[in-house]
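[1] coords please:
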Amino acid sequence: MLITRSPVRISFGGGGTDLPAYYEQFGGAVLSTTINKYFYTVLRKRDDGKIQVISSDLRTLETWENISGMSFERSELEIPLAVVKDVGRSVAVDLFLASEIPPGTGLGSSASVCVNVLKALSAHLRLDLSKYELAERAFHIARNVLGNPVGKQDEYAAVFGGLNYIRFGKDGSVTVEPVELDAALLRELEENLMLFFTGATHQSQTILQEQEKATRGERGRALEPLHTIATLADRARRTLEDGDLHAFGALLDEGWQAKKRISGKISSDQIDALYRTAKENGALGGKITGAGGGGFLLLYCEQPRQEAVRRALSMAGAREMTFQFDSKGAQVIVNDPFIDGDESAGGSWQFIPYSTVRRIMLDAAWDA
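    Numbering: from 1, shown residues only. This next block holds a predicted model:
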């Protein structure tokens, strides 16, 4: 049996420059960190040639015997189905999927699902994928196999984990640069960040499709705010490395104002009201995580002012979700061949027939 775990992320700056429509023209960059809210896949082998997927979040299950000719359309389980098909190997397994984060909340949960299922299957099939290969293949599945208008940042964040500055080259290449901060500074940053659920999930595809269309060409109307956002990612990184957290909080506000100019669907009257309330009570800056339209509101607020913000947003109906930073990214957390007799699991284990073990024990007893 295998259990894999992958985190979701919060993005501080640069979101939107990870879309091909932007980075293929100008290159892009994102500053983000992963947090300790995870997606899990439990994989157990089967002996009947079938694949069964159970999703606790979607409260659904499906069993397939031959998926080669199946369509993804109208399947709630399109992500695991697409991953299994893209792997292109004969496999018979149960996949149980569970998440600490509901879908559509702007934390990159769909990418975390794709990365996680691919991590589980590649470990089961002993495919030797590097972190870059795992992230790029997950992005390929989301973008090209499923046809979703997504950028690259979520897959790379989920795979690598930690606080990273992620560069996107015009040729599609990606470089993940860990941002190394003093432990005390990193802890202070973590303690000064707050997440509140706005109460509304979002359909990011509509916003991203509109953004891609508005980014194409030299006169795309989304280009000016995206150029601003691209520079903010680098400025935010430098303020962190300089230890200037107050300036970092102010940059979040500057980035949010630029992001709202990309599309009228990114914010709403409710989000604007929550953000205004947070700032009136002491938050220095913040933004909606993800593409926008709903999900979680990320705030930078120094600790003496947090209780006032917490009380005001609670009265406005926003629920806080506490979190800590994650530093490990996607990983196998259980790989035990003895639970279901899966000889593909437990790469460090070596199966030895009982007759061989008995002979070794008898030889040892004879020598003694």
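[2] hey, where'd the strands end up in this protein?
    2-13, 28-45, 51-55, 60-64, 93-99, 163-168, 174-178, 193-197, 285-288, 296-300, 319-320, 325-326, 331-335 (DSSP state E).
[3] now render the ones you listed as TSV, adding mean pLDDT, distance to Leu129 and mean neighbour count.
    C-betas here are computed from N, CA, C, even on glycine. Shown next, in TSV, are those (pLDDT from 0 to 100; distance: least, Cβ to Cβ, whole Å; neighbours: other Cβ atoms under 10 Å):
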stretch	mean pLDDT	distance to Leu129	mean neighbour count
strand 2-13	96	13	27
strand 28-45	96	15	23
strand 51-55	94	20	19
strand 60-64	89	24	14
strand 93-99	95	18	20
strand 163-168	98	18	23
strand 174-178	98	15	15
strand 193-197	96	31	21
strand 285-288	94	32	26
strand 296-300	96	30	25
strand 319-320	95	37	14
strand 325-326	96	20	20
strand 331-335	91	12	16
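[4] now render those strands as JSON lines, adding distance to Ala247.
    Output for those, formatted as JSON lines (distance: least, Cβ to Cβ, whole Å):
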{"stretch": "strand 2-13", "distance to Ala247": "13"}
{"stretch": "strand 28-45", "distance to Ala247": "14"}
{"stretch": "strand 51-55", "distance to Ala247": "42"}
{"stretch": "strand 60-64", "distance to Ala247": "46"}
{"stretch": "strand 93-99", "distance to Ala247": "34"}
{"stretch": "strand 163-168", "distance to Ala247": "17"}
{"stretch": "strand 174-178", "distance to Ala247": "20"}
{"stretch": "strand 193-197", "distance to Ala247": "15"}
{"stretch": "strand 285-288", "distance to Ala247": "10"}
{"stretch": "strand 296-300", "distance to Ala247": "10"}
{"stretch": "strand 319-320", "distance to Ala247": "25"}
{"stretch": "strand 325-326", "distance to Ala247": "20"}
{"stretch": "strand 331-335", "distance to Ala247": "34"}
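[5] shaky segments in the protein?
    201-204, 217-220, 338-368 (pLDDT under 70).
[6] so which elements touch the longest helix belonging to it?
    Across the chain, the longest stretch assigned as helix under DSSP state H is helix 223-241. Using 3 or more Cβ pairs under 8 Å, 6 or more residues apart in numbering; DSSP states H and E, the elements in contact with helix 223-241 are strand 2-13, helix 20-26, strand 28-45, strand 163-168, helix 245-260.
[7] ok now it, how far from the chain's centre?
    21 Å (Cα atoms, centre = their mean, to the nearest Å).
[8] not counting its neighbours along the chain, what's nearest Leu58?
    In space, and not counting its chain neighbours, Leu58 is closest to Glu76: 5.0 Å by Cβ to Cβ, 6 or more residues apart in numbering.
[9] would you confirm that the one you found contacts Val53?
    No. Counting by Cβ atoms under 8 Å, Glu76 does not reach Val53; the two are 9.7 Å apart.
[10] got the angle between the longest helix of the chain and strand 163-168?
    140 degrees (axes from the mean of the first three to the mean of the last three Cα atoms, to 10 degrees).
[11] contacts for helix 223-241, please.
    Residues outside helix 223-241 that contact it (Cβ atoms under 8 Å, 6 or more residues apart in numbering) are 12-17, 22, 26, 28-31, 163, 165, 179, 181, 185, 189, 215, 245, 247-248, 251-252, 254-255, 258-259, 261-262.
[12] and what of stretch 132-142?
    Against stretch 132-142 from outside (Cβ under 8 Å, 6+ apart): 79, 82-83, 86, 110-111, 114-115, 118-119, 122, 129, 148, 150, 152, 155-156, 158-160, 174, 176, 330.
[13] equivalent analysis for stretch 266-279, please.
    Taking Cβ under 8 Å, 6+ apart as the rule, stretch 266-279 contacts 196, 198-200, 207, 253, 256, 259-260, 285-286, 288, 291-294, 297, 299, 301, 309, 312-313, 316, 318.
[14] please state the offset of that stretch from the chain centre?
    24 Å.
[15] which parts of that stretch are buried?
    Neighbour-count burial for stretch 266-279, counted by 16 or more other Cβ atoms under 10 Å, picks out Ile266, Ser267, Ser268, Ile271, Leu274, Tyr275, Thr277, Ala278, Lys279.
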